Structures are given as C-alpha cells and as structure tokens.
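> compute the structure for the input listed below.
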Amino acid sequence: MAAATVRTLCRDRATLCALVFLGFVTLVAIVGPLVVSTDPNTLNLRHALVSPNSEFWLGTDDLGRDQFSRLVDATRVTMIAATEAVLVSVIIGLPLGLVSGYFGGRIDAVFGRLNDALMSVPALLLAVTVVAVVGPGLTTAMFAIGVVFSPSIFRIVRGATMAVRSETYVEAAVAIGCRPLRIMFVHVLRNTFPPVLVQVSLLFGIAMIAEANLSFLGLGVTPPQASWGSLLRTAFDNFYAAPFLMFAPGLAIALTVLAFSQIGDGLRTAVGDTKGTR
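As a prediction, the model looks like this:
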C-alpha cells in the first residue's frame, strides 16, 4: 500500500512541487541561520528602512536590521512552532483515539464528550488566555494551539480504529491471546497512519497561520527574535514608509501554507486511489 501511495504521489506534479518547496523551506530553516553571515538582530539606524539593493537583498526594517537574515532566522522559528503544535496534537489525540475507538462503551462516551467540549474552544482564544495567565512566549502559545488541534486527530484515529477493530486479523490477534495494548499499537495503529498523515499536513498549515496571528498581535515570539508573523507586524507598522517589507514574509506564509494544503490533498487522493485498487 505504501509503495502504491508513493507512485500515485509521484504522478501528481502539483504535490511534487509542493514537496520540493517544503524541502527547500526545511533546508533554509536548518542550514540558513548557519550560512547567513549577517546577525539578524544587529541594529544600524543609519540604514533604517533601506529599499532592497545589492547589500540588503530584502531591505532593512525601521531599526536597520537586515530583512533577509531575519527572514531566514524567522523560518526556523516558524517551522519549529508549527511542529510543536502538531506534535502536541498527535501526542494527545492519537492514543486517546485508539483507546476510545477500540474499547468503545463508557470510555468512548467520556472521551467523546471531552473531545466535543475541547472542539468548542477557539484555538486563538485559548492561546491568548494561556499567554495572559502564564506570560508571553511562543512555546506556551503553540502548546495551547496543539491542545485545541488534538480533537481533529482524535476523531480521525477513533473512526479508523472502529473501522478496523472488527477485521479478521484483529479478531485473530484476540483469539491467540494478544493483549489489547499490543493489538492497538501493533495491528490497529498502522491502519490509522494514512488519514492521520493527511490531517497532519493540513494542521501544519493551520498552525503556521496561528503562529503568524499570535506574533502579529505581539503574543508570540519575544523581541528581538523574529518569526514570519512578527515580520508582518513590523511591515504593517511601516507600511507607508516601506511597503516592500510586506512582500517577503507574506509570500513565505502564503506559499508554505498552500504547499501543506496541496500535500494534504495529494495524500488524500493517493490514499483513496490505493484503497480503490485493493
């Protein structure tokens, strides 16, 4: 099934382009801060709001900081923040979905009600509340975002688990005396990967938008650290004096979110085609 899914993805040019672009963004996030020689936090008021040129490829902000080096450094921060939110959602939602879908009954009813209650909480509202109580910080805010994202993972894993728990191989595992924990994490879990991967790819894009919103509001990264959202905030504050500051972070967010969305659509199509050929 995995090989058939990969072959289907390779035939989708749009998804391949999205994967290549995300590979480039990931490479920039990992290697970029080590390669760029300019300190992204160095102030030089004599070069404030300089338009893009051969020395400053993306110009400078109102404090004279090089926007190119700040964009590269912000890529790492934004990718880490999105990864944190998605990991938290998977760590919470996946095991609870497995347990709820496999055992059903009262356990499923309790987890289902908790899941419904959590889904009713807007992600940004919870993040703002947590930041107001704990204090500003991107790690704390993205943890709260991940908690709110976990119901989507829970529902997908629960549904997939309920669909396969009556399969012959699961009944055979029960008959030979396998423990429920082994059945869930060895026999059932692998069948939840395709839909979870689709949801994870979509959540990455949503998490990046959430990070941008929080940093734009001043509730994400703390100065002088930069993220794509905080760069947009700086561009907004200086829009009339230096409108060029808006293009690079805005385009980075738009293209990366679009790439994650395309990968999610490609995975959904590939998994559907694979199921149809089995």
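> where are the low-confidence patches of the chain?
Using pLDDT under 70 as the threshold, the predicted model of the chain has low-confidence ranges 1-6, 272-278.
> tell me where it has helices.
Assignment of helices within the chain using DSSP state H yields the ranges 2-10, 13-35, 67-103, 105-119, 123-134, 138-164, 168-175, 180-182, 193-216, 228-237, 247-277.
> check contacts around V221.
Remark: with contacts taken as Cβ atoms under 8 Å, 6 or more residues apart in numbering, V221 is in contact with 77, 138, 215, 227, 229-230. In short, each C-beta sits where N, CA and C put it, glycine included.
> buried subset of the residues you listed, written for ChimeraX?
In ChimeraX, a selection of the buried entries from these looks like this (16 or more other Cβ atoms under 10 Å):
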select :77,138,215,227,229,230
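> circling back: which stretch among the helices of the chain comes nearest N41?
Nearest of those to N41, taken as Cβ to Cβ: helix 67-103 at 8.0 Å.
> for that closest one, packing partners?
Packing partners of helix 67-103 (3 or more Cβ pairs under 8 Å, 6 or more residues apart in numbering; DSSP states H and E): helix 13-35, helix 105-119, helix 138-164, helix 193-216, helix 228-237, helix 247-277.
> the longest one: which residues count as buried?
When burial is assessed from 16+ other Cβ under 10 Å, helix 247-277 yields the following buried residues: 248-249, 252-253, 256-257, 259-271, 274.
> now do it: distance to the chain's middle.
Relative to its chain's centre, helix 247-277 lies at 12 Å (Cα atoms, centre = their mean, to the nearest Å).
> by contact count, what packs against that helix?
helix 2-10, helix 13-35, helix 67-103, helix 193-216, helix 228-237.
> mind putting the helices and strands packed on helix 67-103 in TSV, distance to G97 included?
Conversion of those to TSV gives the following (distance: least, Cβ to Cβ, whole Å):
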stretch	distance to G97
helix 13-35	26
helix 105-119	8
helix 138-164	3
helix 193-216	9
helix 228-237	30
helix 247-277	18
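> got a list of what F111 touches?
The contact partners of F111, by Cβ under 8 Å, 6+ apart, come to 96, 99-100, 154, 158.
> and the furthest pair within these?
Farthest apart among the contacts of F111 by Cβ to Cβ are V99 and F154. That separation is 10.0 Å.
> more neighbours: the two, which one.
Using other Cβ atoms under 10 Å as the criterion, V99 and F154 rank with F154 on top: 26 against 19.
> now that one: closest residue in space, sequence neighbours ignored.
Counting by Cβ to Cβ, 6 or more residues apart in numbering, F154 lies nearest to G93, which is 4.0 Å off, once chain neighbours are set aside.
> quick check, that neighbour in contact with V148.
No - look at G93 against V148 with Cβ atoms under 8 Å: they stay out of range, at 10.7 Å.
> with neighbour numbers in mind, choose between the two.
With other Cβ under 10 Å as the criterion, G93 and V148 differ in neighbour count, and G93 comes out ahead with 26 against 22.
> pull the contacting residues for the more buried one.
Contact criterion Cβ under 8 Å, 6+ apart gives 149-154, 157 as the residues in contact with G93.
> ok, 10 Å please
For G93, the contacting residues are 115, 118, 146-147, 149-158, 196, 199, taking Cβ atoms under 10 Å, 6 or more residues apart in numbering as the criterion.
> end to end on stretch 57-67, go ahead and measure it.
According to Cα to Cα, to the nearest Å, stretch 57-67 extends 8 Å from its N-terminal end residue to its C-terminal end residue.
> how far away from the center of its chain is that stretch?
Using Cα atoms, centre = their mean, the offset of stretch 57-67 from its chain centre is 28 Å.
> A123: how many residues sit nearby?
By other Cβ under 10 Å, 19 other residues sit near A123.
> what's the closest non-adjacent residue to it?
The shortest distance from A123 to any residue that is not its chain neighbour, by Cβ to Cβ, 6+ apart, is 4.0 Å, and that residue is V148.
> likewise T234?
When the adjacent residues along the chain are set aside, T234 lies closest to D61, with 5.2 Å between them (Cβ to Cβ, 6+ apart).
> quick check on that neighbour: phi, psi?
Geometry field for D61 lists phi and psi as phi -90, psi -170, criterion degrees, to the nearest 10.
> having no further points to raise, I will conclude here.
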